[in-house]
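Q: model this:
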Amino acid sequence: MITPDLAPRESAAPVTRRSGAARGAALIGWVALSAVLPGAAHLRAGRWRAGLLLLGGHLTVVVSVVCVAAGADAGLAGRALGWLGQISMVFLACSLAWFWLVIRSYVVLRPGRLPRSWQILTGLVAGVLAVVVAVPFAVAARYVRVSEQTLDAMFAAPAATGQAGVAPQRDDPWAGRDRVNVLLLGGDWGDNRIGMRTDSINVASVDVRTGNTVLLGLPRNLEHVRFPPGSPMAVRFPFGFQLPEYRPGWREDLLFSVWQYADDHPELFGGRRHMGAEVLKETIGHILGLRIDWYALVNIWGFAKMVDALGGLVMTVDRDIVYGLYDEGVVRAGTRRLNGTEALWYARSRTYSDDFDRMHRQRCVLGALLSQADPATVLSRFTEIAAATRRIVRTDVPRPMLEHLVPLAWKAKHAAITSLQFVPPLVNTAYPDWDRIRQLTAKAIRASVRTPARTPARAAAGPSAIPSGSPPAPSPASAPRRHRHSPSPSPAPTLTPPGTPSPIDDGCAAPHPATAR
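A: Numbers count the residues shown, from 1 in each chain. Here you go, the predicted model:
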């Protein structure tokens, strides 16, 4: 009599457990589907109006984003830099909306009908899923916000266009200009250093129509620098930049110290301070026969922090590079990953070397930095990179001009880029032929204008250190150091006539990161 009563009870428990598991798994499945297709859980629960509204709105937004992305260009990317605040708020709103959507989808499916253990389990899974789908939007909002703060810190206020800068206009952002000339500098200011020297001096002259670019490099040790006629510096130095030796054989009246001299002597400019950038722009423009629109200055000491933020640079060092006041450091030859300090000194050292060899190594480091800063690394270390960037970059480019400079940079990336470096034997740095420098600059720009807008066959990441050929490495015995009149090794025979701009080819080895030791 007992057995017939017990049999149904013993078989009922497994049926109930299976039913609870199936219903719990189904509920989580519908919640997960709602995270991808909002409204799916509402439709499953019979809430047709809310479900169709959510699903229709989601599909409308997705189709709109796809259409915008399909037609996006560099112009849209440039304009988006002015919307970073709004974009950050949109991502933050999406994060909150998706979190609420997952939780609401869980609730409308009425988890209270499940056994208590499955209520707890499905609730935990739904909570985790809500956080997982919300976090990417929150991270994106933070990255966009950090980007906005970085750009605001780096770029000048809207009205600060500079005396020679291009003032943005609604119809023509270039104000009728055919070319934009940007002075690219590497400096060495720091809390533990007195003053600042511009050790790397280049001008990028870009055709605003085609993007064809000429990179013009000037050695830091040009002597007898001439200033624009009538300028305060020309009045002070009518026969060129000349200062007395501060100790036998050591002088500071070279091109690299023009910025600091102007900063140190506000009395020349009616008491106006911090005139170094403007004076150097005018001076470089006078030397080349160009009007310099803006400058961008990178702190080469802070550069080490940028390299460390990227996890180092893989480079092939062709010979040991000695550095330090007493030769106490060395960057060993070979292919390996350099940390920030090693990369910095590889680019800066002149021990057993000279300025022109250093210019070449600086191009190699810059090329490695650009080529190895892959998106995955940048995203994973975004905050550190942004913080380092704010500390190492100065520029007078107005913030509103970024909208127009981004598409111009994209155009230049796919155009012809040539390089002309005014180094020996093309230019005698002790007694420069200023007229010849201007003539060669004008010739290089005319040749660039006639060049079809296409990428050269041997395009690389950075400019060539010297025209056409690279100088042989000097031997330790023949390379005096840290002296104004240190002799320079003669460059190898050029493949093109001196002064002919050549396509970008920095002569640097490009090791694959996997080969690093």
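Q: Excluding residues flanking it in the chain, which one is nearest residue 329?
A: Spatially, and ignoring its direct neighbours in sequence, residue 329 is nearest to residue 323 (4.6 Å; CB to CB, 6 or more residues apart in numbering). In short, each C-beta sits where N, CA and C put it, glycine included.
Q: And that neighbour, its phi and psi?
A: phi -150, psi 170 (degrees, to the nearest 10).
Q: mind listing what residue 147 touches?
A: Neighbouring residues of residue 147 by CB atoms under 8 Å, 6 or more residues apart in numbering: 84, 386.
Q: Make sure it is indeed in a strand.
A: No. Using DSSP: H, G, I helix; E, B strand; the rest coil, the secondary structure at residue 147 is helix, not a strand.
Q: any weak-confidence spans in this protein?
A: By pLDDT under 70, the low-scoring segments of the chain are 1-18, 156-171, 189-194, 325-326, 367, 370, 374-375, 453-517.
Q: which SS class is residue 206?
A: Per three-state DSSP, the local secondary structure of residue 206 is strand.
Q: Can you give me the neighbour number for residue 255?
A: Neighbour count for residue 255, taken as other CB atoms under 10 Å: 24.
Q: Repeat that for residue 449.
A: Count around residue 449 with other CB under 10 Å applied: 14.
Q: thought it was touching residue 207?
A: Yes. Counting by CB atoms under 8 Å, residue 449 does reach residue 207; the two are 6.3 Å apart.
Q: Who are the contact partners of the residue nearest to residue 329?
A: For residue 323, the contacting residues are 329-331, 345, 348-349, 351, by CB under 8 Å, 6+ apart.
Q: Recalculate using a threshold of 7 Å.
A: Neighbouring residues of residue 323 by CB atoms under 7 Å, 6 or more residues apart in numbering: 329, 345, 349, 351.
Q: For the second one, list the residues it contacts.
A: I take that to be residue 345. Listed by CB under 7 Å, 6+ apart, the contact partners of residue 345 are 321, 323, 329, 331.
Q: ok, so of those residues, who is nearest residue 215?
A: Relative to residue 215, the closest of those is residue 321; by CB to CB it sits at 24.2 Å.
Q: and the nearest residue to that closest one once chain neighbours are set aside, how many neighbours?
A: In space, and not counting its chain neighbours, residue 321 is closest to residue 331: 4.1 Å by CB to CB, 6+ apart. By the criterion of other CB under 10 Å, residue 331 has 23 neighbours.
Q: roughly how far is the one helix or strand residue 119 maps to from the heart of the chain?
A: If you go by DSSP states H and E, residue 119 is part of helix 116-154. Put simply, helix 116-154 sits 27 Å off its chain's centre (CA atoms, centre = their mean, to the nearest Å).
Q: of the contacts of residue 323, buried ones?
A: 345, 349, 351 (16 or more other CB atoms under 10 Å).
Q: Out of those, list just those in helices.
A: Using DSSP state H, residue 345 are the members of the buried ones among the contacts of residue 323 that sit in helices.
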